[in-house]
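A.B. asks: This is the structure alone, sequence omitted:
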């Protein structure tokens, strides 16, 4: 699994990244079709020689911390990922948005397209901190 990378305008830190499957798989040939078994019984020699029947990428999950968030800031995921499946966000400020503004007419969410997550903060807040849970392939 290639390491997840983060870029964009948001200040981000990768807290954790997991593959959502049990065990680890690879695509190396096992025993390379050779005859490392004792004897010469053809029926018992390894047959997998193409190296493609091993690892099939599964969904992954990352926890990303961010600080200093404002409206339209971005987090771009890289490192060999194919697509973002979903993003869940949680604010983690000492004074949350709803408590810092008298109007309470604020939204705080994300949108994503391709490999870019965009933070949506309305109401003038410019220093939002929180975490994103991102599911991706």
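C.D. replies: Alright, I've got the coordinates. Because the structure is a prediction, the values reported are computed rather than measured.

A.B. asks: what's next to whatever helix or strand residue 63 lives in, contact-wise?
C.D. replies: Assigned by DSSP states H and E, residue 63 falls within strand 60-69. For strand 60-69, the external contacting residues (CB atoms under 8 Å, 6 or more residues apart in numbering) are 1, 4, 6, 10-20, 75, 77, 81, 92, 119, 121, 126-137. C-beta coordinates here come from the backbone N, C-alpha and C atoms, glycine included.

A.B. asks: Can you go through those residues and name the buried ones?
C.D. replies: The neighbour count (16 or more other CB atoms under 10 Å) marks 4, 6, 10, 12, 17, 75, 77, 81, 119, 121, 128, 130-132, 134, 136 as buried among the contacts of strand 60-69.

A.B. asks: Those in strands, which ones?
C.D. replies: Within the buried ones among the contacts of strand 60-69, residues falling in strands by DSSP state E are 6, 12, 17, 75, 77, 119, 121, 128, 130-132, 134, 136.

A.B. asks: Which pair in those residues has the greatest spatial separation?
C.D. replies: Spatial extent of these (CB to CB) is set by the pair 17 and 121 at 25.0 Å.

A.B. asks: Run through the bridge partners of the residue nearest to residue 7 when sequence neighbours are not counted.
C.D. replies: Using CB to CB, 6 or more residues apart in numbering and skipping the chain neighbours, the partner closest in space to residue 7 is residue 76 (4.7 Å). Beta bridges link residue 76 to residue 7, residue 116, judged by DSSP bridges.
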